[in-house]
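# Give me coordinates for this.
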Amino acid sequence: MWTVIKFDKKNLNLLLSDLKKKSRKELIIYRPKILIQRFSKNKLTSKEHYLLGDYLFFYHNDFKDKSATEKYKFSRGLKYFLKGFNEFQLDIKKFIDKCKKLENDKGYVSETLFDLSLNSFYKFNSGPFVNEIFKIINFEKNKIKILAGNLKTTISKREYLFSPV
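This is a model prediction of the structure:
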């Protein structure tokens, strides 16, 4: 069963080792990440960002029992378990599957996680138009026609990261 954990960023390695010691069985930890590329001073810089910040997904069979969080509650580096993970297993699983489906061969989420809609505004998170706001005009197979200011152009869905405004 999946659970969501908030952790102390400085003590992530301690948390992971504690979880492995306490579980004594196979556990799965998932933390989706993206690679943001920006132009600064005529150079392309890349920076890794985790989508969920200081949260991660933790899977273990013990969590079928509601009292199982007590076993892990005092792990070093753990702030708390997000409440309600039992009721939202389908939603958590769908999100994890969607992230894994959008990952490239290096493990970075490469496409947008959001469902795109016509006449909605979005903001570029990568590429030469970083932080520029645009409006989606039309969809094609792997491309999107956009309006950025007075400029109409076509971009690839897979090349750029963007998020809703």
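# So what's the gap between stretch 22-37 and the chain middle?
Its chain's C-alpha centre and that of stretch 22-37 lie 11 Å apart, by CA atoms, centre = their mean, to the nearest Å.
# So which bits of it are buried?
Neighbour-count burial for stretch 22-37, counted by 16 or more other CB atoms under 10 Å, picks out Arg31, Pro32, Ile34, Leu35. Glycine gets a C-beta too; all of them are placed from N, C-alpha and C.
# What is the helix or strand harbouring Ile5 packed up against?
Assigned by DSSP states H and E, Ile5 belongs to strand 2-7. With contacts taken as 3 or more CB pairs under 8 Å, 6 or more residues apart in numbering; DSSP states H and E, strand 2-7 sits against strand 55-59, strand 78-81, helix 89-101.
# any idea which of the ones you listed is most buried?
strand 55-59 (a mean of 19; mean count of other CB atoms under 10 Å).
# chain center to that one, what's the gap?
Centroid displacement of strand 55-59 relative to its chain, using CA atoms, centre = their mean, is 12 Å.
# ditto for stretch 28-41
9 Å.
# contacting residues around that stretch?
Here stretch 28-41 makes contact (CB atoms under 8 Å, 6 or more residues apart in numbering) with 16, 19, 44-52, 56-60, 96, 99-100, 103, 106-110, 125-128, 130, 161.
# For the buried ones among those residues, write the corresponding ChimeraX selection.
Burial among the contacts of stretch 28-41 is assessed by 16+ other CB under 10 Å; the matching ChimeraX selection reads:
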select :16,19,56,57,58,59,60,96,99,108,109,125,126,127,130,161
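# Now, the contacts of stretch 28-41 that are in helices?
Leu16, Leu19, Ile96, Cys99, Lys100 (DSSP state H).
# ok, the fourth one to Leu78 distance?
Relative to Leu78, Cys99 is positioned 22 Å away (CB to CB, to the nearest Å).
# Tell me what Lys33 is bridged to.
Per DSSP bridges, residues listed as beta-bridge partners of Lys33: Tyr50, Tyr108.
# Just the pLDDT for it.
As predicted, Lys33 sits at a pLDDT of 89.
# so what's Tyr59 up against?
Counting by CB under 8 Å, 6+ apart, Tyr59 has contacts Met1, Trp2, Thr3, Leu27, Ile28, Ile29, Tyr30.
# Including distance to Lys152 and pLDDT, could those go into TSV?
Formatted as TSV, these follow (distance: CB to CB, whole Å; pLDDT from 0 to 100):
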residue	distance to Lys152	pLDDT
Met1	48	84
Trp2	43	89
Thr3	46	88
Leu27	50	82
Ile28	45	88
Ile29	44	89
Tyr30	39	92
